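**Q** This is a predicted model, with the sequence first.
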Amino acid sequence: EVDVFSSGVSGYLGKIIGVSGDQVKFLISVLMPIPCGFAVRAMSSPLSRLISMLALGLVFQYYLYRIYILTSIGELLGAYILLVLVKRKFAGWVVTLYALGCLIFVHIERMINDYGGWHLGVHTCFLLQCIHLSSLAWDYTDGGSDPKTLSSEQKRNAIDVLPNLLEFLSSSLSPTQSFGGPACNYVDYRDFIYNKGLYQNVPSTLIPCAKRFGIGLLMIGLYITLLNNFPQKLLKESSFPQKNFFLKHLYLILIPLYVKAKYYIGWTMAEAGTIASGQAYNGMDETTKEHRFDRFYAIELLGVEFSVFSFNVTECWNHNGHMWLKRYIYFRMNRIMNREVALYLTYMVSAFWHGFYPFYFLAFGLYAVVTENSKEIYKLCWKYPILRRFPFMLLFYVFTYLGICYLGMIFDILLLRYLKNFFAGIYWIAIVHIVLFILFKTTSISRESKAEEAKRRELEKEGGFDFTVRVYNTLSFGDKELTATSILPPEGKSKPEKLAQATSTKNKKEQILLIQSQSQKKKKKKKKKK
């Protein structure tokens, strides 16, 4: 499975640009959906669209995985049989466990045949199919549930009638669903195929597609430049711990940047394909009067690189995977268990989804700690206005960025024989976060009273000072109140809806001051009564 990808044209091109042949194959496979997307958009017949998307997915999968495509098709047929046979109210749990079970098999096979390697294999397909199958199963379960028990988002994504086999296979094997992403819910895919809702009048996709494609080209240039000048082996060398403090942290910033660029390339090119076909169309922005093509997306580059707090990075990085974990893992588990337990289990599911390497679980366990610390610091910023000044915001940003880079390198290096040099060189980040976590959990330093929490949540609804903000926003803050969206935005609101809510509120500062003055009057009345 590994050797077959290093030959032919892809292997030759890989040697020229300094990457493996299988990575070139994957890049070709995420580029080809762009012209194919324009062709599918020109088709008016739903049947021709269904068959075309299915055929394209099969061709691309065979190009990537050869005979191993049979394992992918086998998983899909097994899931469809379960959807038909299992009681509808249990379909979500059963199919999710089935998809994760198939992923176990593929991860074990990968660890046996390619331990510690990053070669392209059929597991790439199984990762996305796990997301798609579990999402579809839960949406099908929601379609048979009492509407009163569902959120607005669950009602929108609910599937009333089980799709026929052609619709199911077409949605599951389409280029965006089976590799690269960004995957969409079945309801959106169905509306796209049958030209319903917003898809009835999709404008020209040429310019938006070209913009996203251009970003992908920039990321290719960034990746090649950093790969040649700052290879990952610099962090693995036995001499790394002896290097000076600033050089070690310079490596910690630049080397993860080229690793992230590798993902940026795949995601932005894949997004260009969904834009070309019109699948990503999301209507017109009421404020700017411009057409939006962000109905679903994989990556928000500026959010990843410039978020002040780590819980925003989670939403911006692999947005598709984040929303799957949030909607179909965290919220479902949170119904039957404590919030914190559900949160940590969600991070463990994320680690498990990536593979069985022990350091995956260490990385995601630490990321849960980092995220909880960010939320506590966020609360402190509400309690103490001085922390909303630019110097502190910049400090929080640097602290977050270094922490994300540190965890990313644990995730990417994986093997202990290399990680021991990395840990010996930079160890303070993990220690500081663990100490902060213990401090926040054992003291009341960031704890809010019920009144403070209610006030914060009320201001968040009005678009109050929340920290989806990024460093380039903080330059103009000073003593101004910060504006953005909530830490855990209300379920059912997409990125454009959240932005529209934040921008539609007028005179926010006056409203905030009014609320503050009202609370002060209440306090005075309470004192007089006492």
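**A** Nice, I can see it.
**Q** Just checking, which helix or strand of the protein averages the lowest pLDDT?
**A** Least confident element among the helices and strands of the chain, by mean pLDDT, DSSP states H and E: helix 471-474 (a mean of 35).
**Q** Buried ones in stretch 205-224, by neighbour count?
**A** By neighbour count with 16 or more other C-beta atoms under 10 Å, stretch 205-224 contains the buried residues Thr205, Pro208, Cys209, Arg212, Phe213, Ile215, Gly216, Met219, Ile220, Leu222, Tyr223. (Glycine included, C-beta is placed from N, CA and C.)
**Q** Show me what counts as buried in the longest helix along the chain.
**A** If you go by DSSP state H, the chain has its longest helix at helix 245-277. When burial is assessed from 16+ other C-beta under 10 Å, helix 245-277 yields the following buried residues: 248-249, 251-252, 255-277.
**Q** From the chain's centroid, how far away is that helix?
**A** Here the centre of helix 245-277 is set off from its chain's centre by 14 Å, with C-alpha atoms, centre = their mean, to the nearest Å.
**Q** ditto for stretch 433-451
**A** Going by C-alpha atoms, centre = their mean, where stretch 433-451 is centred and where its chain is centred differ by 27 Å.
**Q** Endpoints of it, how far apart?
**A** Using C-alpha to C-alpha, to the nearest Å, one end of stretch 433-451 lies 29 Å from the other.
**Q** State the phi and psi torsions of Met284.
**A** phi -110, psi 140 (degrees, to the nearest 10).
**Q** List the residues that contact the residue lying closest to it once chain neighbours are set aside.
**A** Counting by C-beta to C-beta, 6 or more residues apart in numbering, His291 is the residue found nearest to Met284 once chain neighbours are left out, at 5.5 Å. Neighbouring residues of His291 by C-beta atoms under 8 Å, 6 or more residues apart in numbering: Pro203, Pro208, Tyr281, Gly283, Met284, Asp285.
**Q** What sits closest to Gln232 if chain neighbours are left out?
**A** Excluding its sequence neighbours, the residue lying closest to Gln232 (C-beta to C-beta, 6+ apart) is Ile255, at 5.7 Å.
**Q** For that neighbour, give its distance to His249.
**A** Note on Ile255: its distance to His249, by C-beta to C-beta, to the nearest Å, is 11 Å.
**Q** again with Leu419
**A** According to C-beta to C-beta, Leu419 stands 17 Å off from His249.
**Q** How about Tyr347?
**A** Tyr347 is 26 Å from His249, where distance means C-beta to C-beta.
**Q** State the number of residues packed around Phe331.
**A** Applying other C-beta atoms under 10 Å, we find 17 residues neighbouring Phe331.
**Q** In which helix or strand does it reside?
**A** helix 331-334 (DSSP states H and E).
**Q** After that helix, which helix or strand is next? Please name it.
**A** Next along the chain after helix 331-334, taking DSSP H and E as the criterion, comes helix 339-354.
**Q** Correct me if wrong: Lys375 contacts Asn312.
**A** No - between Lys375 and Asn312 there is no contact under C-beta atoms under 8 Å: 10.9 Å.
**Q** where do the helices sit along the stretch 151-300 of the chain?
**A** For the stretch 151-300 of the chain, applying DSSP state H, counting those that start in this stretch gives helices covering 152-157, 165-173, 175-178, 186-193, 206-229, 233-236, 245-277.
**Q** which of those helices has the lowest average pLDDT?
**A** Among the helices of the stretch 151-300 of the chain, helix 175-178 has the lowest mean pLDDT, at a mean of 73.
**Q** For it, which helices and strands make contact with it?
**A** Applying 3 or more C-beta pairs under 8 Å, 6 or more residues apart in numbering; DSSP states H and E, we find helix 175-178 packed against helix 33-41, helix 46-65, helix 123-143, helix 245-277.
**Q** Export the ones you listed to JSON lines and append columns for distance to Glu237.
**A** Output for these, formatted as JSON lines (distance: least, C-beta to C-beta, whole Å):
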{"stretch": "helix 33-41", "distance to Glu237": "40"}
{"stretch": "helix 46-65", "distance to Glu237": "33"}
{"stretch": "helix 123-143", "distance to Glu237": "29"}
{"stretch": "helix 245-277", "distance to Glu237": "10"}
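**Q** which one of those lies closest to Ile299?
**A** helix 245-277 (4.3 Å; C-beta to C-beta).
**Q** name the helices or strands packed onto that closest one?
**A** helix 21-31, helix 33-41, helix 175-178, helix 206-229, helix 233-236, helix 301-306, helix 390-413.
**Q** any idea which of these is most buried?
**A** Of these, the one with the most neighbours on average (mean count of other C-beta atoms under 10 Å) is helix 175-178, at a mean of 27.
**Q** who's in contact with it?
**A** For helix 175-178, contacts defined as C-beta under 8 Å, 6+ apart pick out 29, 32-33, 36, 53, 56-57, 60-61, 72, 125, 128-129, 132, 171-172, 182-184, 189, 270, 273-274, 279.
**Q** where does it sit relative to the chain's centre, distance-wise?
**A** Worked out by C-alpha atoms, centre = their mean, helix 175-178 lies 16 Å from the chain centre.
**Q** and that helix, C-alpha only, in CSV?
**A** Extracted in CSV, the C-alpha atoms of helix 175-178 (Å, rounded to 0.1, in the frame of the first residue of the first chain):
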residue,chain,number,x,y,z
PRO,A,175,-15.2,13.9,-3.7
THR,A,176,-15.8,16.3,-0.8
GLN,A,177,-17.2,13.6,1.4
SER,A,178,-14.7,10.8,0.8
